[in-house]
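Enquirer: Okay, predicted coordinates and the sequence, questions at the end:
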Amino acid sequence: MTTSNPRTILLTGVNGQVGFELARSLQGLGRVVALDRYGLELSDLDQVRKVVREVRPQLIVNPAAHTAVDKAEADVESAMRLNAEVPGVLAEEAKRLGAALVHYSTDYVFDGTKDGVYVETDTTNPQNVYGRSKLDGERAIEASGCAHLIFRTSWVYGTRGKNFLLTMLRLGAERDELSVVADQIGAPTWSNTIATLTSNVLAQTVVASDQAGWWAQHSGVYHLTAAGATSWHGFAEAIFELASLPKRPIVKPISASAYPTPAKRPNNSRISNDKLANVFGLRAPDWREALRLCMASR
């Protein structure tokens, strides 16, 4: 694998929830070339190839994605382009350059019917377009043969963009009562947690005496979420416990069937972080602790 000092890191989607945090946490690990959609139009695969070949990174970190789960049901082409085709192109270019690729996937690659937490080797069976597109992206990366880390995460939130936390804070300030789904379970994961753990993993590559050997040994899929689990209702309650609102809204629990959405969500989105801990020695904070830190940073 090609190395240089300092190495160049190409970061996509810098204005997204995870990309914004990565642009900060990757500092010190190399020269970060952070691009938004004006610097890298991901829907144009030819431009993606051109930019990668011009930058010639040793590492590509790709948090950019089509994350509008419900909109993906009606706009399959866009979801597949950003979530499946783009990662495939990045992987092909990484392989050609002798570079490595870090990519992010989702708990939605599973159908949510398992009684217990999902591990990386469990059978995938996505139930919506978003999940299928992300799984296709995983497969394209693996098929390329490039050095790679694929981090599956869940229920991502932060202080920017569109996410459950910001939606609850907005609605909680407007309404006295909210109804929130209580029978879907997962781990709310702060975008900063994802970026920090990613950087901690990549810091291990910096000190590795054999870069190619490190990537050959560690390439693969890892689950990366906050520790613990709750329902969307429990997440909402925790948000309002920490929020500074004039009046705390009542949060009523409802079933997913009472709140139909275009995309079917898995009832069980719990995924195990044990592989991440065993391989890299890293453990994510509990989701409540991460939420507290996130709220304090607003």
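Expert: Sure thing, it's come through.

Enquirer: Which of the residues in stretch 258-276 are classified as buried?
Expert: The neighbour-count check on stretch 258-276 (16 or more other CB atoms under 10 Å) flags 263-271, 273, 275-276 as buried. All C-beta spots, glycine's among them, are computed from the backbone N, C-alpha and C.

Enquirer: so who does I194 touch?
Expert: 18, 21, 63, 104, 151, 153, 156, 224 (CB atoms under 8 Å, 6 or more residues apart in numbering).

Enquirer: Then A100?
Expert: 1, 58-60, 94, 146-149, 205, 215, 219.

Enquirer: ok, it to C146 distance?
Expert: Counting by CB to CB, to the nearest Å, the gap from A100 to C146 is 7 Å.

Enquirer: what's the overlap in contacts for these two?
Expert: Contacts common to A100 and C146, judged by CB under 8 Å, 6+ apart, are A94.

Enquirer: What strands flank whatever helix or strand V33 lives in, and is each parallel or antiparallel?
Expert: If you go by DSSP states H and E, V33 is part of strand 31-34. Strand pairing for strand 31-34, using DSSP bridges, gives strand 8-11 (parallel).

Enquirer: Need the contact partners of the partner strand.
Expert: 19, 22-23, 26, 29-35, 51-52, 55-61, 63.

Enquirer: And the next helix or strand past it?
Expert: helix 17-25.

Enquirer: Buried residues, that next one. List them.
Expert: 17-23, 25.

Enquirer: Do I have it right that G220 meets L149?
Expert: Yes. G220 lies in contact with L149 (CB atoms under 8 Å); the separation is 7.3 Å.

Enquirer: These two: which is more packed in?
Expert: L149 (23 against 12; other CB atoms under 10 Å).

Enquirer: got a list of what the more buried one touches?
Expert: Counted by CB under 8 Å, 6+ apart, L149 has contacts 100-103, 201, 218-220, 222.

Enquirer: same thing with L293?
Expert: Counting by CB under 8 Å, 6+ apart, L293 makes contact with 190, 192, 285.

Enquirer: Tell me how far the last one lies from A258.
Expert: Distance, P285 to A258, using CB to CB: 32 Å.

Enquirer: just to revisit the earlier point, which of the buried residues of helix 17-25 lies closest to L45?
Expert: Nearest to L45 among the buried residues of helix 17-25, counting by CB to CB, is G19 at 19.4 Å.

Enquirer: Which residue comes closest to that closest one once chain neighbours are left out?
Expert: G13 (3.9 Å; CB to CB, 6 or more residues apart in numbering).

Enquirer: Tell me how many other residues crowd that neighbour.
Expert: By other CB under 10 Å, neighbour count at G13 equals 25.

Enquirer: One more: S179?
Expert: 15.

Enquirer: Kindly report the same for the one 3 residues further on.
Expert: Counted by other CB under 10 Å, the residues lying close to A182 total 20.

Enquirer: got it, and L224?
Expert: For L224, the neighbour count with other CB under 10 Å is 26.

Enquirer: how about the strands of the stretch 1-150 of the chain, start to end?
Expert: 8-11, 31-34, 59-62, 100-106, 147-153 (DSSP state E, counting those that start in this stretch).

Enquirer: And for the stretch 151-298 of the chain?
Expert: Assigned by DSSP E, counting those that start in this stretch, the strands in the stretch 151-298 of the chain fall at 156-157, 177-181, 185-186, 189-190, 220-223, 230-231, 250-254.

Enquirer: a markdown table for those strands, including mean pLDDT and distance to S78?
Expert: Formatted as a markdown table, these follow (pLDDT from 0 to 100; distance: least, CB to CB, whole Å):
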| stretch | mean pLDDT | distance to S78 |
| --- | --- | --- |
| strand 156-157 | 98 | 19 |
| strand 177-181 | 97 | 26 |
| strand 185-186 | 98 | 25 |
| strand 189-190 | 98 | 24 |
| strand 220-223 | 98 | 24 |
| strand 230-231 | 98 | 30 |
| strand 250-254 | 98 | 30 |
